[in-house]
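Peer 1: below is the sequence, then the predicted model.
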Amino acid sequence: MRDRTEGLTSPRPLGATLPALYLGDFFTQQLCESCDDVLAPIFATLDCFPAYLDPGTTAEDMLDWLAGWIGLTIDGHVPATRKRQLIVAGAALLPWRGTARGVQEAVSAVFGEETQVVESGCATWSTTADSEPGGGAVPALQVRVITDHPDGIDRRRLDAVVELAKPAHVPHRVEVVGRSG
């Protein structure tokens, strides 16, 4: 939460914008100064708004808010530097959300391991009206994480990441295998 900054002055004092008749009126100038005290943090926030939307420059306490804008829920124990990396990766994945590529890149971004995704669907086209559609009859998704340390991967967390990245109607299965060789 942003806090009031002592001594912050308004870049646009209201008293100076009044007609000449009110410039010398003490009561009117005092009223405008009290409004300036209220408006100064608002102006400062709006002037810096692009910095709030950039994961590299936003304040640490704003990272969860920024992650929420792109649909990310980040564990509270993740360091700020890692949160910033996940927000950047999550924003880059938005165009691919719900695709095999999106699932693969989301799992890779969270776990930092090689990931394979096998799906039952496909995209096809045909010039004949009676052609068979591609893909399997039943939608399915298999996600395999290949790692040197299979016991170091939290399977519940992996399942949750896949659940959020895949289309809601597609059942999935996760698998963690050790790297051979």
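Peer 2: Looks like it came in fine.
Peer 1: check contacts around V161.
Peer 2: When contacts are counted by Cβ atoms under 8 Å, 6 or more residues apart in numbering, V161 touches A106, V107, V110, F111. Yep, even glycine has a C-beta here, placed from its N, CA and C like the rest.
Peer 1: show me what counts as buried in the strand or helix carrying the third one.
Peer 2: Counting by DSSP states H and E, the element that carries V110 is helix 100-111. Using 16 or more other Cβ atoms under 10 Å as the test for burial, helix 100-111 gives A100, G102, V103, Q104, E105, A106, V107, A109, V110, F111.
Peer 1: okay if I get those as TSV plus distance to P79 and pLDDT?
Peer 2: Below are the buried residues of helix 100-111 laid out as TSV (distance: Cβ to Cβ, whole Å; pLDDT from 0 to 100):
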residue	distance to P79	pLDDT
A100	30	91
G102	25	91
V103	25	93
Q104	25	94
E105	21	91
A106	20	90
V107	20	93
A109	15	88
V110	14	88
F111	16	91
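Peer 1: got these as CSV, with distance to T9 columns?
Peer 2: What follows is the buried residues of helix 100-111, written out as CSV (distance: Cβ to Cβ, whole Å):
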residue, distance to T9
A100, 54
G102, 47
V103, 51
Q104, 51
E105, 46
A106, 45
V107, 49
A109, 43
V110, 44
F111, 49
